[in-house]
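>>> Just need the structure, nothing else, for what follows:
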Amino acid sequence: MNIERILFATDFSAHSVQALRFALKLFEHSLQEIAILHVFEPPYDFSLRLAERFQAEEEKGHKAIEQLCHEVGVPASLKVRALVVPGKVVDTVLEVAGAVQAQCIVSGTQGNRSIENRVLGSTAAELMELAECPFLAIPEGAVVERPEHIFYATAYRPKDVDIVCDLAQIAQVHQAQLHVLHVDEEDSFEKRLLFRGFQSVIKEQLPGVPLIFEHICREEVAPALLDYMKPYNHALLALSYYRRSFWKTLFYHSKIEDLIYMAQLPLWVLKA
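Got it, this is the predicted structure:
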């Protein structure tokens, strides 16, 4: 999996520096171009000086992007596109991602578990659901070193085999250990058989590649994954997102949204 172009969406919070650093480290083996986007809310009035206010926001945004690149130490070999655009955040990020042909959208996130925020939904969760390309969410406080462990939570879908193979390549680049996980609400012979069958298929596709397989039995998916990963500091969690019927999408979306809110490590949502 070679990610050559990414879109980094930023609000210029202090966390943006750490988030961008992690993305550059994760994709440094293949990254060639990065578009850094700041979306600002356009003023909705009829001031005669409206054009001046737009220009001021754009100038302010471009200076902040320049400062961000300097602080992070973006390599001179990378092509950088600075974009400051008025509009609604989710719609604008998705539109720009398509325009620049981004292969991954990256954003820092803040884990806010308040009832109000959970009801309204988060920008990260919306981008995860609506983006056509993978989405990498980097929570505030996450370790920004190269991942030493990469976790993939599988649902035994056919595309999961290809995703594990792609992640194995990234793990090899970073000399990271790849863990393949599956969570079942309860244990049974049939479910153990499914897990072993998937494990056999992966081993056939990746002969000689060191992998750790773990079958976890817990009622709650997100806490089960988080508890398993708790001992590992420099880590990345990858999930696949499948477009489903309305009710299945609603249920599945809530599981990933739980992880966006609760995880203390970067979460990479891959589209299948």
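>>> By mean pLDDT, point me to the weakest helix or strand of the chain.
helix 115-120 (a mean of 38; mean pLDDT, DSSP states H and E).
>>> CA atoms only for the helix or strand that that helix is followed by, dumped as CSV, please.
Once the chain leaves helix 115-120, the next helix or strand it forms, by DSSP states H and E, is helix 123-130. Extracted in CSV, the C-alpha atoms of helix 123-130 (Å, rounded to 0.1, in the frame of the first residue of the first chain):
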residue,chain,number,x,y,z
THR,A,123,-16.5,15.7,12.5
ALA,A,124,-14.2,12.7,12.5
ALA,A,125,-17.0,10.2,12.5
GLU,A,126,-18.7,12.0,9.6
LEU,A,127,-15.5,12.0,7.6
MET,A,128,-14.9,8.4,8.4
GLU,A,129,-18.3,7.5,7.0
LEU,A,130,-18.6,9.7,4.0
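>>> following helix 123-130, which helix or strand comes up?
strand 135-139.
>>> burial of L130, as a residue count?
When neighbours are defined as other C-beta atoms under 10 Å, L130 has 12 of them. (C-beta placed from N, C-alpha, C; glycine too.)
>>> For G208, see how far away it is.
39 Å (C-beta to C-beta, to the nearest Å).
>>> now the helices for the stretch 1-150 of the chain?
15-26, 50-72, 89-99, 115-120, 123-130 (DSSP state H, counting those that start in this stretch).
>>> Of all those helices, which one comes closest to F151?
helix 15-26 (14.1 Å; C-beta to C-beta).
>>> Which parts of the stretch 101-250 of the chain are strands?
104-109, 135-139, 149-153, 177-184, 211-217, 235-241 (DSSP state E, counting those that start in this stretch).
>>> Out of those strands, which is closest to I65?
Among the strands of the stretch 101-250 of the chain, the nearest to I65 by C-beta to C-beta is strand 104-109 (14.2 Å).
>>> List of residues touching the closest one?
3, 6-10, 13, 15-16, 18-20, 23, 27, 93, 97, 122-124, 127, 131, 133-140, 260 (C-beta atoms under 8 Å, 6 or more residues apart in numbering).
>>> Any of those residues buried? List them.
3, 6-10, 15-16, 18-20, 23, 27, 93, 97, 122-124, 127, 131, 133-139, 260 (16 or more other C-beta atoms under 10 Å).
>>> ok, I6 touching A97?
No. With contact defined as C-beta atoms under 8 Å, I6 does not reach A97; the gap is 9.4 Å.
>>> residue contacts, the closest residue to P75 other than its chain neighbours?
Closest residue to P75 apart from its sequence neighbours, by C-beta to C-beta, 6 or more residues apart in numbering: L24 at 7.6 Å. Counting by C-beta under 8 Å, 6+ apart, L24 touches 31, 34, 72, 74-75.
>>> residues touching E148, list them.
Contacts of E148 (C-beta under 8 Å, 6+ apart): 174-177, 232-235.
>>> rerun at 6 Å
176, 234 (C-beta atoms under 6 Å, 6 or more residues apart in numbering).
>>> could the helices of the stretch 1-150 of the chain go into JSON lines alongside distance to S200?
As requested, the helices of the stretch 1-150 of the chain are exported to JSON lines (distance: least, C-beta to C-beta, whole Å):
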{"stretch": "helix 15-26", "distance to S200": "29"}
{"stretch": "helix 50-72", "distance to S200": "43"}
{"stretch": "helix 89-99", "distance to S200": "37"}
{"stretch": "helix 115-120", "distance to S200": "39"}
{"stretch": "helix 123-130", "distance to S200": "31"}
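>>> any idea which of these scores lowest on pLDDT?
Lowest mean pLDDT of those: helix 115-120, a mean of 38.
>>> Which members of the contacts of L24 are positioned in strands?
Counted as lying in strands by DSSP state E, out of those, are I34.
>>> Now do T109 against A124, distance only.
Using C-beta to C-beta, T109 is found at 5 Å from A124.
>>> any shared contact partners between these two?
Shared contacts of T109 and A124, defined by C-beta under 6 Å, 6+ apart, comprise A137.
>>> Tell me where the protein is predicted with low confidence.
Applying pLDDT under 70 to the chain flags the ranges 43-49, 110-122, 243-258, 260-262.
>>> Domains in it, by residue range?
5-139, 149-271 (automatic domain parsing).
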